[in-house]
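>>> Pasted the sequence and its predicted model underneath.
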Amino acid sequence: MTDKEVIIVRGDCVAVGCGWSASRIIKGDSTGNTASQVVDLLFTVKHKLPSHTNLQVQVGDMVWLTDGNDESQSADAEAFGSQEAFQFFLTCLRATESTGNRVARLIIPLQKGTIVRSDIIPLRLKDAFAVDEVVSFSTPLQSFPGAPLPVETLSLPELFRASAGGILLQHSATGGESTTGKPGAVPQAFEADFENKMSLPWVIAPGPAATTTTRKRLVVVGCSYRDPSSGGWMAYVFSAARALGIDLVIVEKPGCWLERPEFAHSYEALLPAGPWWSNPPSDDMAGHIVALVRSYGKRVDGIVAFLEPLLATVSRAAAQLGLPRQPAESYAVATDKYRLGVSEGRRAFRGATAEEALRFAAAENLAYPLILKPRLGLNSEGVVRVNGAEEIRPAVDLIRKTFCKTFTMERYCEGPEVDVNVVLLDGEVLFCEIADDFPKPGDCNDDGDKGASTAAQRNFLETYIVYPSALPPPELEMLRESISATIRRLGFSSGVMHVEARVDRSSVEYRSSARGIITDLAPREEGGAAATAAAAASEPPAAWVLEINPRPPGLTASRIVESVYGIDYFGVALALAVDDGARVRALSRPFLGGAQHTGVMALVRADFDEAREEGIFDSDDICEELLARRPDLARHINRYGCLAKRGQKIPHPSSGANTFIAYFNVFSNSRREALEIAAEVKKEVRYSFR
């Protein structure tokens, strides 16, 4: 890497050499993957300046470059094309000064067109092998000429100006086997990971199918009750909208956290809803939304909601505004757990009182256990398993505390639970992934210490969600086909669908390991292998759909899917909302090799004295504290968040409310190791209440 070299001198008189030679072309393919030209830079500390170098160095955000001749030039953010590119360059210099040498890669797209989203390079490569830092130099909707460059004749700032982004490799990565055999060259493991993760159409060619050349304006109706600093999903909406070049107009009731000054830059306008705003929505709410949007007076390209109670109403508003939409009736059935169960052919009951439920259970001679849940609900709140008639009344009392006062009751399915996320475009499944949703308190039988004494304690709030699923391949294929068919049958042709289901008559079940450290899926033991095989032959496993949420998954699950598969569901959902099919297809392309590792989302729930109805959280960031105290665990955690702040009131766990205070996304190439680390992480979390 010495065909071309510059000497870089900074204000502290440290000199760094930066060399590069011929670039390499990574070709696209017939599926539309964007070809790229990559330039690998080798930064090396120079202990002695060349004798002819006589530079008067300025301090501040400026460096001096010399190409080995007598001429030199200053360079700043303007010369490098952007502040992001220049700051990445300075990061490379600082890293080199501390380690002696470093390797960085610049990426130049060879497809003429518009970048699919400005942060696509860090989104896909953040967790790649041996990556220290990855930065985008691109702006939203930036166009690229797509022509290869004669990099041997270009200056260093010109290389940065032509690039879409840069990657700084870890120092340890440059010592192993490389693609060229040269010292400091890029290792083969990174090359394989790079091609695996960047195999997608990340630059969209111009043409009739591409609608990405102009900014869009999207109305979002309703927002998360949590602000972004507390783990609310609006943070993902904001970041995706910025990267996609979409301006947000938000409709919410007055007094929302969006009114705080620190969030003003995240949207174009906040339209305050009037007294007509209600949850669940009134019959005339769609008309009020239409009037409010029209009063804004600017062109709107789409309207969307991510809260289940609002979906059908917003669909009706979209119809009146002539904007892209899915049928309102499809949303109405999908988000009503009673109507969904009936549409699946199950015997389900709906009611509002315990007396109604008891009469129905007796009249139909229903076999326990049964499941009771609000017809409309969020975060699995109010979902309870009842093992006998005496437990129905406390279960109904708990449901009555939620915003939905009516419930549905049906048979409890004992099969393993899964989350199935589907991206659908014009009836075609672009992407489908399945995760294991581990047993919850409500799944445990009332035997010994596994039992639970109250309806609230037998809740169905998540414990661990593991990606990808370890179900047998035939059951995974059955779920994909069955659930995709259910979604289409309800009338949906496009959307991001988060489906919670169980596998009825599954061939596997959850069992503890011999050492009792972890619980995981294992073949069923009942009746022996022969009996299990015979039962499977006569009554094969089937999908038992619990609920369909026609929106991206919540509980920060979008972040772990981004890590495991390289897909940001909120980015896909926003592109769908403005009818940008080209970007939907591109952004739904997973890593070429599928799941890059096992990912475990470990959810930490509050736990404090039952003598109080609520507790005051009395800790700082419990995630940062754990990572600092246990660096051995930190190496396996790539996403995390503390969802509670000091002084915040948290409902008691026995209330049945969502009391999550933190999450950690643990990763490993071994599923067993990932589960063991996740269990250790939850055990090691430290927090207090007052």
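That came in fine, so what should we check first?
>>> List phi and psi for the residue sitting nearest the centre point of the chain.
Centroid-nearest residue in the chain: Ser558, 1.8 Å away (criterion: CA atoms, centre = their mean). Ser558 adopts backbone torsions of phi -60, psi -30, taken as degrees, to the nearest 10.
>>> Tyr467 versus that one, what's the distance?
12 Å (CB to CB, to the nearest Å). Every C-beta, even on glycine, is put in place using the N, C-alpha and C of the backbone.
>>> Then Val578?
28 Å.
>>> Repeat that for Gly113.
32 Å.
>>> same thing with Leu90?
36 Å.
>>> Looking at the two, which is more packed in?
Tyr467 (25 against 16; other CB atoms under 10 Å).
>>> Give me the pLDDT value at the more buried one.
pLDDT recorded at Tyr467 is 98.
>>> Could you point out the bridge partners of it in the sheet?
Gly599 (DSSP bridges).
>>> which residues sit against stretch 621-632?
Here stretch 621-632 makes contact (CB atoms under 8 Å, 6 or more residues apart in numbering) with 604, 619, 633-634, 637, 640-642, 661-662, 664, 681, 684-687.
>>> What about the residues you listed, which are in strands?
Among the contacts of stretch 621-632, the members falling in strands (DSSP state E) are Val604, Ile637, Tyr640, Gly641, Cys642, Ile661, Ala662, Phe664.
>>> Let me have the residues you listed in CSV, adding pLDDT, neighbour count and distance to Val584 as columns.
Below are the ones in strands among the contacts of stretch 621-632 laid out as CSV (pLDDT from 0 to 100; neighbours: other CB atoms under 10 Å; distance: CB to CB, whole Å):
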residue, pLDDT, neighbour count, distance to Val584
Val604, 94, 23, 34
Ile637, 97, 20, 31
Tyr640, 94, 23, 29
Gly641, 93, 19, 27
Cys642, 94, 23, 33
Ile661, 93, 25, 35
Ala662, 95, 24, 32
Phe664, 97, 26, 30
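>>> okay if I get these as CSV plus distance to Pro474?
Below are the ones in strands among the contacts of stretch 621-632 laid out as CSV (distance: CB to CB, whole Å):
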residue, distance to Pro474
Val604, 35
Ile637, 33
Tyr640, 35
Gly641, 36
Cys642, 40
Ile661, 39
Ala662, 36
Phe664, 32
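>>> Closest to Ala185 out of the residues you listed?
Ile637 (30.2 Å; CB to CB).
>>> The closest one and Trp202, how far apart?
In terms of CB to CB, Ile637 sits 27 Å off from Trp202.
>>> Likewise for Ser563?
From Ser563 to Trp202 the distance is 18 Å (CB to CB).
>>> try Ala361
Applying CB to CB, the value for Ala361 to Trp202 is 55 Å.
>>> higher neighbour count, these two?
Trp202 (26 against 19).
>>> list the contacts for the more buried one?
Thr34, Pro109, Ile115, Val116, Ile120, Ile121, Arg124, Ala586.
>>> switch to 6 Å and redo it
For Trp202, the contact set (CB atoms under 6 Å, 6 or more residues apart in numbering) comprises Thr34, Val116, Ile120.
>>> pLDDT wise, what is the first one at?
If you check Thr34, the pLDDT there is 96.
>>> before we move on, what about the second one?
Per-residue pLDDT puts Val116 at 97.
>>> Ok, the last one next?
The predicted local distance difference test score for Ile120 is 98.
>>> Specify which member of the ones in strands among the contacts of stretch 621-632 is nearest to Ser513.
Closest to Ser513, out of all of these and judged by CB to CB, is Phe664, at 20.9 Å.
>>> surely the closest one meets Asn638?
No. Applying CB atoms under 6 Å, one finds Phe664 not in contact with Asn638, separated by 9.4 Å.
>>> quick check: mean pLDDT across stretch 250-258?
Across stretch 250-258, pLDDT averages out at 96.
>>> Check which residues of it are buried.
Ile250, Val251, Glu252, Cys256, Trp257, Leu258 (16 or more other CB atoms under 10 Å).
>>> Secondary structure and distance to Glu613 for those - can I get that in TSV?
TSV is the format used below for those (DSSP: H, G, I helix; E, B strand; the rest coil; distance: CB to CB, whole Å):
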residue	secondary structure	distance to Glu613
Ile250	strand	33
Val251	strand	33
Glu252	strand	29
Cys256	coil	26
Trp257	helix	24
Leu258	helix	29
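>>> Nearest to Ser224, out of these: which one, please.
When the buried residues of stretch 250-258 are compared for distance to Ser224 (CB to CB), Trp257 wins out at 8.9 Å.
>>> just checking, the closest one touches Asp227?
Yes. Counting by CB under 6 Å, Trp257 touches Asp227, with 4.2 Å between them.
>>> Point out where the stretch 351-500 of the chain drops to low pLDDT.
378-379, 403, 445-458 (pLDDT under 70).
>>> Can you show me the strands along it?
370-374, 384-386, 407-411, 417-425, 428-437, 464-467, 495-504 (DSSP state E, counting those that start in this stretch).
>>> okay, now the domains of this structure?
4-204, 216-325, 337-411, 417-684 (automatic domain parsing).
>>> can those go into TSV with extra columns for distance to Tyr331?
Listed next are the domains of the chain as TSV, based on distance: least, CB to CB, whole Å:
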stretch	distance to Tyr331
domain 4-204	27
domain 216-325	4
domain 337-411	11
domain 417-684	6
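>>> hey, least reliable of these by pLDDT?
domain 4-204 (a mean of 82).
>>> Could you tell me the end-to-end distance of it?
32 Å (CA to CA, to the nearest Å).
>>> Off-centre distance for it?
Centroid separation for domain 4-204 versus its chain: 28 Å, with CA atoms, centre = their mean, to the nearest Å.
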